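S.K.: Generate coordinates for the sequence data below:
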Amino acid sequence: MKSTVLAALVVALTSPVALAEVIQIPVGQQASEKHVLPTPVRGATKAQVRARFGDPRAQHPAVGDPPISSWEYENYRVYFEGELVLHTVFKGSAQPVIIAP
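M.R.: Sure, this is the predicted structure:
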């Protein structure tokens, strides 16, 4: 009797439990309440970014080879390779809108 109970307990504790519900939301409908922000475009210079978006809250120095630096703004961080925009990463609920420099 004890071995049967012990075996049942071991099976119950080691079996995967599938009680989760899968909810699928199309990408276009995800987070529609998020606000939209203009962003620097890839290839823009640091001078163009500063003229269009103002001074960053913080500047992080270049590291590595090629040198990658970043500027931190309120809702996003802009990464530069040398003097040119490489990529923009958004914080929180911000979404990009590409605007030519």
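S.K.: which phi and psi does Arg52 have?
M.R.: With angles defined as degrees, to the nearest 10, Arg52 shows backbone torsions of phi -90, psi -40.
S.K.: Also the one 5 residues further on?
M.R.: The phi and psi values for Arg57, taken as degrees, to the nearest 10, are phi -70, psi -40.
S.K.: Was I right to think it contacts Glu72?
M.R.: Yes: with contact defined as Cβ atoms under 8 Å, Arg57 counts as touching Glu72 (5.1 Å). In short, each C-beta sits where N, CA and C put it, glycine included.
S.K.: So between those two, which is more surrounded?
M.R.: The neighbour count for Arg57 versus Glu72, taken as other Cβ atoms under 10 Å, is higher for Glu72 (15 against 10).
S.K.: How about the more buried one: what's its closest non-neighbour residue?
M.R.: The shortest distance from Glu72 to any residue other than its chain neighbours is 4.2 Å, reached at Ala58 (Cβ to Cβ, 6 or more residues apart in numbering).
S.K.: tally of neighbours for that neighbour?
M.R.: 9.
S.K.: Look at Ala12 and report its pLDDT.
M.R.: At Ala12, the pLDDT value in this model is 63.
S.K.: From here on, call the first residue 59.
M.R.: Okay, residue one is now 59; in that scheme the one you just asked about reads as Ala70.
S.K.: what about the helices in this structure?
M.R.: Assigned by DSSP state H, the chain shows helices spanning 60-72, 104-111.
S.K.: which one of those helices has the lowest average pLDDT?
M.R.: Looking at those, the bottom one is helix 60-72 with a mean of 65.
S.K.: Report how many residues lie close to Pro98.
M.R.: When counting by other Cβ under 10 Å, one arrives at 26 neighbours for Pro98.
S.K.: I figured it was touching Arg108, is that so?
M.R.: No: with contact defined as Cβ under 8 Å, Pro98 and Arg108 do not form a contacting pair (9.7 Å).
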